[in-house]
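A.B. asks: Sequence plus predicted model, see below.
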Amino acid sequence: MLQRQASLWVALALVLVAADARATAPVDPLGSPMWAAHARTLFGDDPVRFDPRVKVDFPMIAENQRAFPVAIDARAIPGVVRIVILVDLNPIPIAIDYRPLHAAPYVATRIKLDQRTPVRGAVQLASGEWLVSGGWIDAAGGGCSAPPVSRVKGDWAEHLGEIRGEAWPLPGGLARVRLNFRHPMDTGLVDNIATYHLEALRVKDSGGRTLGEMDIWAAVAEDPAITLMVEDGAGAQLTAEARDTNGRDYRAALPMARQSPMPGGR
């Protein structure tokens, strides 16, 4: 009798574990072979669901697998505290992990693609829940394992750390910030070239308050281009601060332009 009860408890535990796993990582509508593994690593025990309000904007075909434009727009969702760009079948699956502290939940950049793959945006709410969306991208591949153009040309060291950036006022007390860094963003997947990439970025206001901060991986394209929407502090001076994996720091003041850029630009 005791043995039978123990077996029933084991069976019930297995059912509960399976149900919990289904709740944590729902069935992937894209049918990716890596979804379950990435979901366990990224989301852990947090609840997850697919939500079309997470807008993932990208071309359907990758014309350049070294620099593929992606924008994650979750402005229709209240309470977003974190945005992750996830590339399922890349050897480096996470490109950016962004925390919009005093900013709109929006980020755009260019990433590398190593093959045909789902590209997703995952946003976390203050409640801990994750909302996910995305789609498949056709790509010739090789973006992660090809040497950066600056390495081939041999001029990467001459321009390392150069930053171009500007901010434009937007309605609602926000500013669109565009940043361009000169950096090889080495993946470590090319023979005789070690991993070397930007790993952190912060945008601050004139009082030193962090408006948005992110972790960056080598899946981001060479010479990173990043667009954010942060609180503009009534036109106050904004500053970008970054660090790479060799511990080198970068800093630039962002002048405020008088006219906003085109709404759909990156």
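C.D. replies: Okay, I see it.
A.B. asks: hey, where'd the strands end up in the stretch 51-200 of the chain?
C.D. replies: 55-57, 68-73, 80-87, 94-99, 103-111, 117-125, 130-137, 163-170, 174-181, 198-204 (DSSP state E, counting those that start in this stretch).
A.B. asks: Packing partners of the fifth one?
C.D. replies: This points to strand 103-111. Secondary-structure packing of strand 103-111 (3 or more CB pairs under 8 Å, 6 or more residues apart in numbering; DSSP states H and E): strand 68-73, strand 80-87, strand 94-99, strand 210-216, strand 225-231. (C-beta placed from N, C-alpha, C; glycine too.)
A.B. asks: want to throw these into CSV with mean pLDDT and mean neighbour count?
C.D. replies: Below are the helices and strands packed on strand 103-111 laid out as CSV (pLDDT from 0 to 100; neighbours: other CB atoms under 10 Å):
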stretch, mean pLDDT, mean neighbour count
strand 68-73, 97, 22
strand 80-87, 98, 23
strand 94-99, 98, 22
strand 210-216, 98, 21
strand 225-231, 97, 23
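A.B. asks: closest to Asp114 out of these?
C.D. replies: Asp114 lies closest to strand 80-87 among the helices and strands packed on strand 103-111, at 8.1 Å (CB to CB).
A.B. asks: returning to what we had before: switch the helices and strands packed on strand 103-111 over to TSV; also include distance to Phe50.
C.D. replies: Listed next are the helices and strands packed on strand 103-111 as TSV, based on distance: least, CB to CB, whole Å:
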stretch	distance to Phe50
strand 68-73	14
strand 80-87	13
strand 94-99	18
strand 210-216	23
strand 225-231	24
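A.B. asks: Low-confidence bits of this protein, can you list those?
C.D. replies: 1-24, 143, 145-155, 233-235, 258-266 (pLDDT under 70).
A.B. asks: C-alpha coordinates for stretch 84-94, PDB please?
C.D. replies: Presented in PDB, the C-alpha positions along stretch 84-94 are these (Å, rounded to 0.1, in the frame of the first residue of the first chain):
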ATOM      1  CA  VAL A  84      16.300  40.900 -24.900                       C
ATOM      2  CA  ILE A  85      17.200  40.400 -28.600                       C
ATOM      3  CA  LEU A  86      17.400  36.600 -29.100                       C
ATOM      4  CA  VAL A  87      18.700  34.800 -32.200                       C
ATOM      5  CA  ASP A  88      17.900  31.100 -31.800                       C
ATOM      6  CA  LEU A  89      20.400  29.400 -34.100                       C
ATOM      7  CA  ASN A  90      23.300  31.800 -33.700                       C
ATOM      8  CA  PRO A  91      26.300  30.400 -31.800                       C
ATOM      9  CA  ILE A  92      26.000  33.600 -29.700                       C
ATOM     10  CA  PRO A  93      22.200  33.700 -29.200                       C
ATOM     11  CA  ILE A  94      21.800  36.900 -27.200                       C
END
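A.B. asks: Need the residues that contact that stretch.
C.D. replies: Contacts to stretch 84-94, defined as CB atoms under 8 Å, 6 or more residues apart in numbering, come from residues 30, 32-35, 38, 42, 70, 72, 95-98, 107, 109, 111-124, 134, 144-145, 187, 189, 217-219.
A.B. asks: Just the buried ones from those residues?
C.D. replies: Buried by 16 or more other CB atoms under 10 Å: 30, 32, 34-35, 38, 42, 70, 72, 95-98, 107, 109, 111-115, 117-124, 134, 144, 187, 189, 217-219, out of these.
A.B. asks: if we can go back for a sec, which one, of the strands of the stretch 51-200 of the chain, ends up nearest to Asp232?
C.D. replies: Nearest to Asp232, of all the strands of the stretch 51-200 of the chain, is strand 174-181, at 3.4 Å by CB to CB.
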